[in-house]
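**Student:** would you be able to build a 3D model of this:
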Amino acid sequence: MDFYAPIARNIIAPLWAIKERSPYLRHLKYLERSQHFSLDQMHENQLVRLKKILKHSFENTPFYRKRFNEVGMLPDNIKILGDLERLPILTKEDILQNRDNMVARNIPPHKLAPKKTSGSTGVSLEFFVDEDSFQWKRACTIRNNRWSGWDLGERVAAIWGNPEHYKNWRMSLRNILLDRYTYLDTLKMDEHDMERFYQAICKKPPALLFGHAHSLYLFSRFLKEKGWVPPQPKGIISSAMVLHSNERKIIEEVFNCKVTNRYGCEEVSLIACECEQHQGLHLNLDTLIVEVIRAGKSVQPGEPGSIIVTDLTNYGMPFIRYKVGDVGVPSVADCSCGRSLPMLQSIEGRAADYIVTPEGKYISGISLTENFAMLLPEIKQLQIVQDRIDHLSLKIVKANDYKIDTEQKIGKLVLERFGSMMGYDLEYTDVIPQGASGKYQFCISKVSNPFT
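**Tutor:** Got it, this is the predicted structure:
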């Protein structure tokens, strides 16, 4: 039994919130109610927030004032949520070129927290989040984490990059008393560090296992190969990367626990998350407006499209109709959990994860994992890189049972999946390194496609 968890939740957390003058626990109480509002009420709340932040952006940021004027649009012209589509898409290039003019002039600098993305798309962004927005994001994350079975104050085992509590003694103390994280740094996932992490979680079993999807899978596979049985957590949360079905299967098998898939980005935080029913990812309508579009129009349920988000809380540096760079599929169904929050059926990965065949077919990285890599168990790791419209480079880490005829199987799969006009080369390596953020990319396309 973790006897300290109720103390952390009911005493330490409220006291620390008072010390920080943080309203996140108050926001959390509201969010626990709002997830059960009707969809109409959720949309009404979104519209109220949208009008406020558009008015604020027009009056306090040179970038949005100019942008609105260029399209002949004033904040008062927004009457329904659909009117938002009349505004231009915000791209990463827009932010790189106009960051300073996107920062609100009426927000004191000391209330703006600088942030930076990992650059996993090839472009690293520097931006700001105001303090109140940060507290809303914090509350949303805790609410959705609770769907996994974990609760505030309980231990967390995290497979993540750059643990923040190492920075100074204050953050270390906070981690000991409140956050209660044990880390495995994704940039140091060798056998020694994974064994040490395993011993740590056996000594102090966590209620939640949290981390990058592929890193969770690598750790689970390591335990399976060793024959070691880890403690069973209440929940597992996979984030930061696409969770492939074969990876989910191994993680759930090793830890005897369901995986909760979560989706977000550094710029706007949590976008969508599975609930305890695992029937899709509920969209976070409380702090965001999420669109899924293709060729400038909203896609139908079941169709893939680019994910566009409007942050309804960040007044310090507004993100209005921001193109995240990911592809998602809206769900055709409602969730049996009873929450009115609509769902994404799946996250198909980065827009650059799509392979374009010479015949003009578009194949998502996640479908390639499930219909390509899973058919090659003798390969430990695989990365597909499209460098030309008619050529692929396949980087391969061999497993112990790699066979002579594997290359023939690969050739057959390439023909079946990509057609006769697609050429390829095989490149064998001992390891496929993760990026600077600790994330792995299964599929990388350097060819333009309709989602980029």
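
**Student:** next helix or strand past the lowest-mean-pLDDT helix or strand in the chain?
**Tutor:** Between all helices and strands in the chain, the lowest mean by mean pLDDT, DSSP states H and E belongs to helix 365-371, at a mean of 65. The helix or strand immediately downstream of helix 365-371 is strand 379-388, counting by DSSP states H and E.

**Student:** just checking, what packs against that following strand?
**Tutor:** Under the contact criterion of 3 or more C-beta pairs under 8 Å, 6 or more residues apart in numbering; DSSP states H and E, strand 379-388 touches strand 355-356, strand 391-398, strand 443-445. Backbone N, C-alpha and C define where each C-beta goes, glycine included.

**Student:** let's have those strands in CSV, adding mean neighbour count, distance to residue 92 and mean pLDDT.
**Tutor:** Putting these into CSV (neighbours: other C-beta atoms under 10 Å; distance: least, C-beta to C-beta, whole Å; pLDDT from 0 to 100) gives the following:
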stretch, mean neighbour count, distance to residue 92, mean pLDDT
strand 355-356, 21, 21, 82
strand 391-398, 17, 25, 91
strand 443-445, 22, 17, 82
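
**Student:** for the ones you listed, which one sits closest to residue 289?
**Tutor:** Residue 289 lies closest to strand 443-445 among these, at 28.4 Å (C-beta to C-beta).

**Student:** packing partners of the closest one?
**Tutor:** Using 3+ C-beta pairs under 8 Å, 6+ apart: strand 443-445 touches strand 355-356, helix 365-371, strand 379-388.

**Student:** 10 Å instead, please
**Tutor:** strand 343-350, strand 355-356, strand 362-363, helix 365-371, strand 379-388, strand 391-398 (3 or more C-beta pairs under 10 Å, 6 or more residues apart in numbering; DSSP states H and E).

**Student:** so can I have TSV of the ones you listed showing distance to residue 261?
**Tutor:** TSV is the format used below for the helices and strands packed on strand 443-445 (distance: least, C-beta to C-beta, whole Å):
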stretch	distance to residue 261
strand 343-350	8
strand 355-356	23
strand 362-363	21
helix 365-371	12
strand 379-388	21
strand 391-398	25
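
**Student:** for the stretch 351-452 of the chain, give me the ranges with low pLDDT.
**Tutor:** Of all residues in the stretch 351-452 of the chain, those with pLDDT under 70 make up the ranges 351-353, 364-367, 369-371, 373-374, 434-440, 449-452.

**Student:** residue 361 versus the residue located most distally from the centre of the chain, what's the distance?
**Tutor:** Distance from the centre of the chain peaks at residue 404, with 38.0 Å (C-alpha atoms, centre = their mean). From residue 404 over to residue 361 the distance is 31 Å, taken as C-beta to C-beta, to the nearest Å.

**Student:** so which of the helices and strands packed on strand 379-388 gets nearest residue 328?
**Tutor:** Judging those by C-beta to C-beta, what sits closest to residue 328 is strand 443-445, at 16.1 Å.

**Student:** give the pairing partners of that closest one; include direction for each.
**Tutor:** Here strand 443-445 has these sheet partners by DSSP bridges: strand 379-388 (parallel).

**Student:** so which bits of the strand it pairs with are buried?
**Tutor:** Residues of strand 379-388 classed as buried: 379, 380, 381, 382, 383, 384, 385, 386 (neighbour count, 16 or more other C-beta atoms under 10 Å).

**Student:** farthest pair in these?
**Tutor:** Going by C-beta to C-beta, the pair spanning the buried residues of strand 379-388 furthest: 380 and 386, at 21.6 Å.

**Student:** out of the helices and strands packed on strand 443-445, flag the one nearest residue 70.
**Tutor:** The nearest among the helices and strands packed on strand 443-445, by C-beta to C-beta, is strand 343-350 at 29.1 Å.

**Student:** averaged pLDDT, the closest one. What do you get?
**Tutor:** For strand 343-350, mean pLDDT is 84.
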